[in-house]
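S.K.: Here's my sequence, what's the structure:
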Amino acid sequence: MNCLEARKYIYDFVQGNWEEDRLEDFLQHIKTCPDCKEELRVTHMIYHGLRSLDGKENMPVDRSYRKMEEEAEHFLRLGHFFSAVRISSETLVFWALFFSLFYFILGYLPLIFR
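M.R.: Okay, the predicted model is just below:
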């Protein structure tokens, strides 16, 4: 992800509108690009300030920022976990069907070769 793409995604990130494929690239970019990280912090600070005025948020800005980053990384870990579970399940179903069909055909082989 380049800086332009990252900056377009900052508002969605702060809002919590995360997409697993973009989020991973975004977090990696933020870790390596100090300019985009600073823009993210400023955007979060503004968003946090507005939510504080509405009474929807009452924790300090720094803690809120760390919590947002932790939640995003947790979201990614959960996504990876469920992807692994899905792939494992699909693999198990494939092999179960394969062996079921294999044994079904083996059962008819003596009838065919009589």
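S.K.: Where in this protein is the helix or strand with the lowest mean pLDDT?
M.R.: helix 34-54 (a mean of 84; mean pLDDT, DSSP states H and E).
S.K.: what angle do the helix or strand just after that helix and helix 34-54 make?
M.R.: Counting by DSSP states H and E, the next helix or strand C-terminal to helix 34-54 is helix 61-112. With axes from the mean of the first three to the mean of the last three Cα atoms, to 10 degrees applied, the angle from helix 61-112 to helix 34-54 works out at 110 degrees.
S.K.: ok, back up a step: mind listing what's buried in the least confident helix or strand of the chain?
M.R.: Within helix 34-54, the residues that count as buried by 16 or more other Cβ atoms under 10 Å are 36, 39-40, 43-44, 47-48. For glycine as for every other residue, the C-beta is placed from the backbone atoms N, C-alpha and C.
S.K.: Stretch 92-99 too?
M.R.: Taking 16+ other Cβ under 10 Å as the criterion, stretch 92-99 shows none as buried.
S.K.: Need the CA coordinates for it. PDB is fine.
M.R.: Provided in PDB are the C-alpha atoms of stretch 92-99 (Å, rounded to 0.1, in the frame of the first residue of the first chain):
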ATOM      1  CA  LEU A  92     -11.800 -32.400   5.400                       C
ATOM      2  CA  VAL A  93     -15.100 -32.300   3.400                       C
ATOM      3  CA  PHE A  94     -13.100 -32.900   0.200                       C
ATOM      4  CA  TRP A  95     -11.300 -35.900   1.600                       C
ATOM      5  CA  ALA A  96     -14.400 -37.300   3.200                       C
ATOM      6  CA  LEU A  97     -16.300 -37.200  -0.100                       C
ATOM      7  CA  PHE A  98     -13.300 -38.600  -2.000                       C
ATOM      8  CA  PHE A  99     -13.000 -41.600   0.300                       C
END
